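Chemist: Kindly generate the corresponding structure for this input.
(one chain, ligands or ions: 1)
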Amino acid sequence: MKILMVCLGNICRSPLAEGVLEYLVEKYGLDWKVDSAGTSNWHEGEPPHHRSVKIAKNHGIDISTQRSRPFTAGDMEQFDHIYVMDSQNYQDVKGIAGKLWNPSKVDLILNASLPGKNKSVPDPWFENTDKAFEHVYSLLLDACEVLIKQLQQNN
Ligand code: 4NP
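Modeler: Below you'll find the predicted structure:
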């Protein structure tokens, strides 16, 4: 199983999502590949935001070696499931995917923990406080705990 987490910059939210899911994948002894990407190339090659790195570290997860990369149409074929953080990411992924767009593979990540609500993971970039990043971490942990169980059942 190959899972891709997507946000705008691939430095705040999706690196945390990748780290959290990877942590759970290891915890449950699964042989899954987890990656993340951004719908922009604004931060390509950069490590995650220092607050994402710090919050993850506080929870025993090392995301410091991740590097930002842009989402490509090819990711639509490469990955089995693509989880986006907000509705703008969803539209952007659809646009980048073009002819390869496959809606059955893509969902808002919070639909795992809050089914059918189409809620977005708030972007902590502008608030830029530990509290905002901690809130993102907690939303992503809840969602990833649910989706790892769902994906195991449907596999
Ligand atoms: P992310 O947050 O999409 O969660 O990585 C952002 C990172 C950078 C910017 C916006 C959001 N930016 O405007 O550069």
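
Chemist: for stretch 1-21, which positions count as buried?
Modeler: For stretch 1-21, burial by neighbour count (16 or more other CB atoms under 10 Å) applies to 1, 3-21. Using the backbone N, CA and C atoms, a C-beta is placed for each residue, glycine as well.

Chemist: what do you get for stretch 108-120?
Modeler: Residues of stretch 108-120 classed as buried by neighbour count (16+ other CB under 10 Å): 108, 109, 110, 111, 112, 113, 119, 120.

Chemist: ok, the residue lying farthest from the centre of the chain - contacts?
Modeler: Distance to the chain centre peaks in the chain at residue 99, reaching 22.8 Å (criterion: CA atoms, centre = their mean). Listed by CB atoms under 8 Å, 6 or more residues apart in numbering, the contact set of residue 99 reads residue 73.

Chemist: Could you look up the SS state of it?
Modeler: The three-state assignment at residue 99 reads helix, by DSSP: H, G, I helix; E, B strand; the rest coil.

Chemist: At the contact with the ligand, which residues of the chain appear?
Modeler: For the chain, the residues in contact with the ligand (CB under 6 Å from any ligand atom) are 7, 8, 9, 10, 11, 12, 13, 42, 123, 125.

Chemist: biggest separation within the residues you listed, which pair?
Modeler: Greatest spacing in the residues of the chain next to the ligand, by CB to CB: 13 and 42 (14.0 Å).
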